[in-house]
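Undergrad: Fold the following.
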Amino acid sequence: MKFTIVGGGNIGTLIAVHCAEKGHEVTIVTSSPEVFQKDLKIVDEKGEVLRQGRIFRATNDPREGYKDADCILVTLPANLIGPCAEAIYTYASKDAWIGVVPGNGGSECMFRPCIERGNTFFLIQRVPSIARLVTRGSVVKSTGYKSRLYVSSLPNSMNEECGRLLEDLFEIPCEPVDGILNLTLTPSNPILHTTRIRALFETYSEGVVYERIPLFYEEWDDASSRLLLACDRELQEICRALPELKLDHVVPLSEYYESPDAASMTRKLSSIAAFKGIGTPSVRVDGGYIPDLHSRYFTADFSYGLRIIQQIGEFAKVDIPNINETMEWYERIAVEKASFDYADYGITDRDSLVKYYSM
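TA: Numbers count the residues shown, from 1 in each chain. Predicted structure coming up:
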């Protein structure tokens with residue numbers, strides 16, 4: 001098959017290796033094609049090669065990247081997917097399969113024109129492995145693969161076929177999930193990142209400078225855990241308020257991390273080996289550091305992550321004070337104002353939400 005991977009970062013590079021290793025023709029669409037070598041590698045934490053593959057090309061030309069693709073896998077931050085969806089609609093065949101990883105961010109709405117013309121569209125719930133670039137354009141480090149992947153498609157009838165494709169690529173069991181909103185609402189980055197960011201920078205305003213900013217996970221604290229668990233509970237209330245959409249696959253983070261209270265959540269998140277060394281998005285300035293408000297932790301995870309959960313909560317008429325307060329906090333400090341709005345896709349209330357996600 002001809003695979004196109006959109007995004008040459010951590011996850012895009014990792015997926016490109018898997019596709020190339022399987023003998024597929026791989027094109028990477030990236031803003032920096034000049035840094036890519038033909039031969040790409042995945043290494044472990046000791047630097048030993050786990051997998052390697054030879055790509056066909058890297059390009060920044062969307063027409064070249066999409067026109068002949070059999071399958072397009074998008075790994076961009078959610079705030080960049082809209083223009084990508086428009087380019088794919090323009091240049092890709094209606095027979096191409098389109099997948100987005102990870103599955104939050106509202107991309108199933110952004111790709112609605114592609115879905116309506118006949119493209120198979122699917123979401124992968126979480127990334128197959130936590131990955132960090134070693135050398136951009138050639139080597140990426142994997143710090144541990146998931147034991148199972150979850151996929152959901154539009155139309156829903158393609159679930160099984162999409163699952164088989166992913167199992168072949170990653171050699172990981174892949175479970176099809178009925179109802180793509182289950183993946184959109186998976187409480188990963190949209191709750192995990194946003195609650196930690198708010199807890200760290202609750203008192204931030206322009207002019208405030210921090211002498212030091214804690215590591216994102218290794219120095220996780222109970223204040224972050226309390227807010228995370230509060231928002232996690234509110235998300236579960238939203239799911240229960242929409243029984244017709246069968247959102248039982250939206251697993252609470254308290255269950256996913258086996259941490260029912262703040263203290264146990266703090267111990268868990270601060271001790272995960274794959275999270276070691278991950279810094280908090282920040283910028284060095286005179287006198288110290290300030291939060292990097294242009295990081296995807298801000299621009300994507302709030303405006304295209306938690307904002308989606310908030311809107312669905314409003315449609316379902318659920319009381320979500322912690323989610324609302326977290327979004328209100330972000331909006332006071334945000335420097336990029338673009339945000340996901342269901343109304344842009346014809347979804348304005350509970351009925352239109354249910355209709356779209358029931359197809």
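
Undergrad: Show me what counts as buried in the helix or strand in which Tyr356 is found.
TA: Using DSSP states H and E, Tyr356 sits in helix 350-357. Residues of helix 350-357 classed as buried: 350, 353-354, 356-357 (neighbour count, 16 or more other Cβ atoms under 10 Å). In this view, the C-beta of every residue, glycine as well, is placed from N, C-alpha and C.

Undergrad: same question, stretch 34-50
TA: Here stretch 34-50 shows 36, 40-43 as buried, counting by 16+ other Cβ under 10 Å.

Undergrad: Can I get the residues you listed in a markdown table including distance to Asp168 and pLDDT?
TA: Output for those, formatted as a markdown table (distance: Cβ to Cβ, whole Å; pLDDT from 0 to 100):
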| residue | distance to Asp168 | pLDDT |
| --- | --- | --- |
| Phe36 | 24 | 97 |
| Leu40 | 19 | 98 |
| Lys41 | 20 | 98 |
| Ile42 | 17 | 97 |
| Val43 | 22 | 97 |
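
Undergrad: From these, pick the one nearest Phe170.
TA: Of all the buried residues of stretch 34-50, Phe170 sits closest to Ile42, with 11.3 Å by Cβ to Cβ.

Undergrad: I believe that closest one is in a helix; please confirm or correct that.
TA: No. Under DSSP: H, G, I helix; E, B strand; the rest coil, Ile42 falls outside any helix and is assigned strand.

Undergrad: Name whatever forms a beta bridge with it.
TA: Here Ile42 sits in beta bridges with Arg51, Val140, going by DSSP bridges.

Undergrad: you'd agree it is up against Arg51?
TA: Yes. Counting by Cβ atoms under 8 Å, Arg51 is a contact partner of Ile42 at 4.5 Å.

Undergrad: Name the residues contacting each of these two.
TA: Common contacts of Ile42 and Arg51 (Cβ atoms under 8 Å, 6 or more residues apart in numbering): 17-18.

Undergrad: Can you pull out the residues in contact with stretch 291-298?
TA: Stretch 291-298 is contacted from outside by 77-79, 189, 193, 197, 200-201, 204, 213, 280-283, 299, 330, 333-336, using Cβ under 8 Å, 6+ apart.

Undergrad: where are the low-confidence patches of the stretch 201-350 of the chain?
TA: Under the criterion pLDDT under 70, no range of the stretch 201-350 of the chain is flagged.

Undergrad: For Thr293, what are phi and psi?
TA: For residue 293 the amino acid is Leu, not Thr. Per-residue torsions, Leu293: phi -70, psi -10 (degrees, to the nearest 10).

Undergrad: what do you get for the one 4 residues further on?
TA: Taking degrees, to the nearest 10, you get phi -60, psi -30 for the backbone angles of Tyr297.

Undergrad: re the thing from before, and the helix holding Tyr356, what does it pack onto?
TA: Where contact means 3 or more Cβ pairs under 8 Å, 6 or more residues apart in numbering; DSSP states H and E, helix 350-357 is packed against helix 307-315.

Undergrad: mind listing what's buried in the helix or strand just after the helix it packs on?
TA: Heading C-terminal from helix 307-315, the first helix or strand you meet, by DSSP H and E, is helix 321-333. Along helix 321-333, these residues count as buried under the neighbour rule (16+ other Cβ under 10 Å): 322-324, 326-327, 329-330, 333.

Undergrad: can you list the residues that contact helix 321-333?
TA: For helix 321-333, the external contacting residues (Cβ under 8 Å, 6+ apart) are 194-195, 197-198, 201-202, 204-205, 227, 230-231, 234-235, 291, 293, 298, 302-303, 306-307, 309-310, 313.

Undergrad: Ala69: neighbouring residues, count only.
TA: Neighbours of Ala69 under the rule other Cβ atoms under 10 Å: 25.

Undergrad: Report the separation between the residue nearest to it when sequence neighbours are not counted and Leu247.
TA: Closest residue in space to Ala69, ignoring its immediate chain neighbours: Thr4 at 4.1 Å, by Cβ to Cβ, 6 or more residues apart in numbering. Note on Thr4: its distance to Leu247, by Cβ to Cβ, to the nearest Å, is 31 Å.

Undergrad: So for those two, which sits in the more crowded spot?
TA: Legend: neighbour count by other Cβ under 10 Å for Thr4 and Leu247, higher for Thr4 (30 against 21).

Undergrad: who does the host helix or strand of that one touch, helix- and strand-wise?
TA: Element membership for Thr4 (DSSP H and E) is strand 2-6. Packed against strand 2-6 by the contact rule (3+ Cβ pairs under 8 Å, 6+ apart) you find helix 10-21, strand 25-29, helix 62-66, strand 71-74.

Undergrad: Show me the contacts of helix 321-333 that map onto strands.
TA: Among those, the ones falling in strands (DSSP state E) are Pro291.
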